[in-house]
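S.K.: below is the sequence, then the predicted model.
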Amino acid sequence: AAEVRAVVTRVAGGRPLPEPLVEQIVARTDGVPLFVEELTKAILESGAVRDTAEGWVVAGALQEPAIPSTLRDSLMVRLDRLAPTKETAQIGACIGREFSFELLSRVSALPPDELERTLATLVGSELMFRRGQGADAVYVFKHALVQDAAYDSLLKSRRAQLHARIAEVLEQSFPEVPATNPEVLAHHYQRAGMMPEAATAWTRAAKLAFSRFALPEAVAHGDKALEAARAIGDLQVRDTLELEALTQHGMTWMALGG
């Protein structure tokens, strides 16, 4: 409890929150540092407290709904309050835990200047971190749970659209990714529901891993290639891609197991 209180005070700018709020944070977070930080920030941003010369005080009557009950709820609340920048976080979450400004700018419909402002807001809120500057910047979600919260806030249809757009951008503007990391492309095609493209890319990834003698990886990619191929409705296309995947899979298993 003492350590939770220390984290709360640090996040609150070095001054303690009102004791009833601190007690709720201690009770609800079970000592999980990320939850302590996020719940404290959610309370500060909710208007439940106000900053005065004497320190933080409760703003009127504290309402129970102002205190999120789980870490995911807390992250969702904070993302929802960043409404203009939430979509940027969602696109980033579809790309991955880490993404470059260059890739994000090609996927997003926002102009570069506005995109930089939304990213600066997310960095300022400590939901993500930045390495580098300008077009060379790379952004990283603070924690995988932050990425999950942004991703889960998307409708499934919108997720599929974004994954399809990311795959298209990777194919057209980042040819080194399909050439050296085809599993990244395959992941986005599969999430987009584009199973023929996904099966082809997973088989390519299996072949590349096999050529590097990374046999466990080749097996994993081959399994995913078969999974994607067997989800294709067109029987002729399915048979062709499944045969290609099985041919590579057989070679991999012979090399791995004799």
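M.R.: Arrived safely. Here the structure is a predicted model, which is why all the values come from computation and not from measurement.
S.K.: spatially nearest residue to Phe101 (excluding sequence neighbours)?
M.R.: Ala137 (4.4 Å; CB to CB, 6 or more residues apart in numbering). Backbone N, C-alpha and C define where each C-beta goes, glycine included.
S.K.: per-residue pLDDT, the one you found?
M.R.: With respect to pLDDT, Ala137 has a value of 94.
S.K.: report the separation between it and Leu110.
M.R.: From Ala137 across to Leu110, the span is 15 Å (CB to CB, to the nearest Å).
S.K.: which strands and helices sit next to the longest helix seen in the chain?
M.R.: Assignment by DSSP state H gives helix 235-257 as the longest helix of the chain. The contact analysis (3 or more CB pairs under 8 Å, 6 or more residues apart in numbering; DSSP states H and E) places helix 235-257 against helix 195-211, helix 215-229.
S.K.: so what's the gap between that helix and the chain middle?
M.R.: Centre-to-centre, helix 235-257 and its host chain are 31 Å apart (CA atoms, centre = their mean, to the nearest Å).
S.K.: okay, buried residues for that helix please.
M.R.: Buried residues in helix 235-257, counted by 16 or more other CB atoms under 10 Å: 238, 240-242, 244-245, 248-249, 252.
S.K.: tell me which two of those residues sit farthest apart.
M.R.: Comparing all pairs in these by CB to CB, the longest separation belongs to Arg238 and Thr252, at 20.7 Å.
S.K.: show me where the stretch 51-200 of the chain has its helices.
M.R.: Secondary structure of the stretch 51-200 of the chain, counting by DSSP state H, counting those that start in this stretch: helices at 71-81, 83-95, 101-107, 112-124, 144-152, 156-173, 176-180, 182-191, 195-211.
S.K.: mean confidence score for the shortest one?
M.R.: The average pLDDT within helix 176-180 is 94.
S.K.: what's that helix in contact with?
M.R.: The contact list for helix 176-180 (CB atoms under 8 Å, 6 or more residues apart in numbering) reads 170-171, 184-185, 201, 204, 208.
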